[in-house]
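Undergrad: I would like the atomic coordinates for the input below:
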Amino acid sequence: MNARIGVCAPVDRIESAARAGFDYIELNLNEVLNMDIDAYRAMADQMEKCDLYAEVVCGMLPDGMEIIGGGVSAQEIHRALDRSFETARALGAEIILLDCAASRKIPRGCDPAAAWRQMGNLIRIVQGHA
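TA: Modelled structure (predicted):
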């Protein structure tokens, strides 16, 4: 078995992760998407210099985006996924994590069966983008 070991860390820890011997870094797409172009280029240069790349990314959806409940917008989800998948591909990521635990929580008063349907719909939308 050829195990690869990565670390989930912010962009400013790329060099530290490389020195520690990690094979890859897991970056948060929300952090990357909020960068201006100069910061993005500096991050890309740092990853190349350190030979450490973001094979895995988290933050598939913006923090706080509702995916279960009355305020779900498929249009907003599609827009967010377009940006996330485009950025993940540019980084060379092969795995994108749906890690929005707070967004997956069933809101008070929401029918659990409806919540499960919404989660299923989200997965189908994600499959289309993947």
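Undergrad: strands along the chain, start to end?
TA: For the chain, the strands defined by DSSP state E cover 6-8, 24-28, 53-58, 95-96.
Undergrad: what bits of this protein have low per-residue confidence?
TA: 100-103 (pLDDT under 70).
Undergrad: residue boundaries of the helices in it?
TA: Remark: helices assigned in the chain by DSSP state H are 14-20, 29-33, 37-50, 74-91, 101-104, 112-129.
Undergrad: for the residue of the chain positioned farthest from its centre, what are its contacts?
TA: Using C-alpha atoms, centre = their mean, the residue of the chain lying farthest from its centre is residue 109. It sits 28.6 Å away. Residues counted as contacts of residue 109 (C-beta atoms under 8 Å, 6 or more residues apart in numbering): none. Where C-beta positions appear, they are placed from N, C-alpha and C, glycine not excepted.
Undergrad: phi and psi next, for it.
TA: Dihedral angles of residue 109 (phi, psi; degrees, to the nearest 10) stand at phi 90, psi -10.
Undergrad: can you tell me how far it is from residue 115?
TA: Using C-beta to C-beta, to the nearest Å, we find residue 109 at a distance of 11 Å from residue 115.
Undergrad: what does residue 22 give?
TA: Using C-beta to C-beta, residue 22 is found at 37 Å from residue 115.
Undergrad: chain center to stretch 28-40, what's the gap?
TA: Here stretch 28-40 is found 12 Å from its chain centre; the criterion is C-alpha atoms, centre = their mean, to the nearest Å.
Undergrad: just to revisit the earlier point, what residues are shared contacts of residue 109 and residue 115?
TA: The contact sets of residue 109 and residue 115 do not overlap (C-beta under 8 Å, 6+ apart).
Undergrad: how about stretch 55-70: buried residues?
TA: Neighbour-count burial for stretch 55-70 flags 55-62, 65-69 (criterion: 16 or more other C-beta atoms under 10 Å).
Undergrad: of all pairs in those, which one is the farthest apart?
TA: Spatial extent of those (C-beta to C-beta) is set by the pair 55 and 69 at 32.7 Å.
Undergrad: and residue 89, how many residues sit next to it?
TA: Residue 89: 11 surrounding residues under other C-beta atoms under 10 Å.
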